[in-house]
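A.B. asks: Model the following, please.
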Amino acid sequence: MKRFLLIPLLILAACKEDVAAVPEPVEMTEEALGYYCQMALVEHDGPKGQAHLEGMPAPIFFSQVRDVIAYLHMPEQSHAVAIAYVQDMTNATWEAPGAWMPAREALYVAGSDAIGGMGASEFVPFSDKESAEAFVHDHGGRIVAFADIRTEDVLGDAAPAENSDSDDINARLEALGQ
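C.D. replies: Sure, this is the predicted structure:
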């Protein structure tokens, strides 16, 4: 009788899907280079980004947050993105950005006077809405959720549109496991 009870357990164990652990953020070193510019990240002020690609041993870094968001919007990536992180600017300075947080969880200030590490207008990430509102008060712009950022918002100079249609990017990111 015990043998018959063991068989369903073995079948369930064999059918169990292995769930890969989400990679943790990696701290930047002096040698870390921006994916697009191939310049040392420590030479640029402002928040940075990193994307962990499935099957790759190390993340790719970005000199500014706008670049990692743009990367996530591009359909021609060679690997699925396991997770992307940005540096939280809540309680941080432009010269010393804060801790890493998942890009999807951040609120972004877009269209402000903030310029990122590569000289383009920046999407400034915050984990705290009140801090984002204080940044808007001091630097202009508006608060936008990650899911509402459209491809044209990060590839052009304009701030995100008020009523964006972001279904396409959100569906692609869901399909990538992001």
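A.B. asks: any idea which strand is longest in the protein?
C.D. replies: In the chain, taking DSSP state E as the definition, the longest strand is strand 81-87.
A.B. asks: Name the strands paired with it and say parallel or antiparallel.
C.D. replies: The strands beside strand 81-87 in its sheet (DSSP bridges) come out as strand 49-53 (antiparallel), strand 100-102 (antiparallel).
A.B. asks: Run the chain-centre distance for it.
C.D. replies: 4 Å (C-alpha atoms, centre = their mean, to the nearest Å).
A.B. asks: residues making contact with that strand?
C.D. replies: 20, 22-23, 25, 47-54, 59, 65, 68, 71-72, 97-104, 106, 125, 173, 176-178 (C-beta atoms under 8 Å, 6 or more residues apart in numbering). (Glycine included, C-beta is placed from N, CA and C.)
A.B. asks: What about the residues you listed, which are in strands?
C.D. replies: 49-53, 100-102, 125.
A.B. asks: Need the pLDDT of Asn170.
C.D. replies: On pLDDT, Asn170 comes in at 61.
A.B. asks: Val154 now?
C.D. replies: With respect to pLDDT, Val154 has a value of 83.
A.B. asks: element containing it?
C.D. replies: Taking DSSP states H and E as the criterion, Val154 maps to helix 151-155.
A.B. asks: same for that helix, what does it pack against?
C.D. replies: helix 65-73 (3 or more C-beta pairs under 8 Å, 6 or more residues apart in numbering; DSSP states H and E).
A.B. asks: got the CA positions of the helix it packs on in PDB?
C.D. replies: Listed next in PDB are the C-alpha coordinates belonging to helix 65-73 (Å, rounded to 0.1, in the frame of the first residue of the first chain):
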ATOM      1  CA  VAL A  65      18.100  55.100 -16.200                       C
ATOM      2  CA  ARG A  66      16.600  56.300 -19.500                       C
ATOM      3  CA  ASP A  67      19.000  53.900 -21.300                       C
ATOM      4  CA  VAL A  68      17.900  50.800 -19.400                       C
ATOM      5  CA  ILE A  69      14.300  51.600 -19.900                       C
ATOM      6  CA  ALA A  70      15.000  52.100 -23.700                       C
ATOM      7  CA  TYR A  71      16.700  48.700 -23.800                       C
ATOM      8  CA  LEU A  72      13.700  47.100 -22.200                       C
ATOM      9  CA  HIS A  73      11.500  48.600 -24.900                       C
END
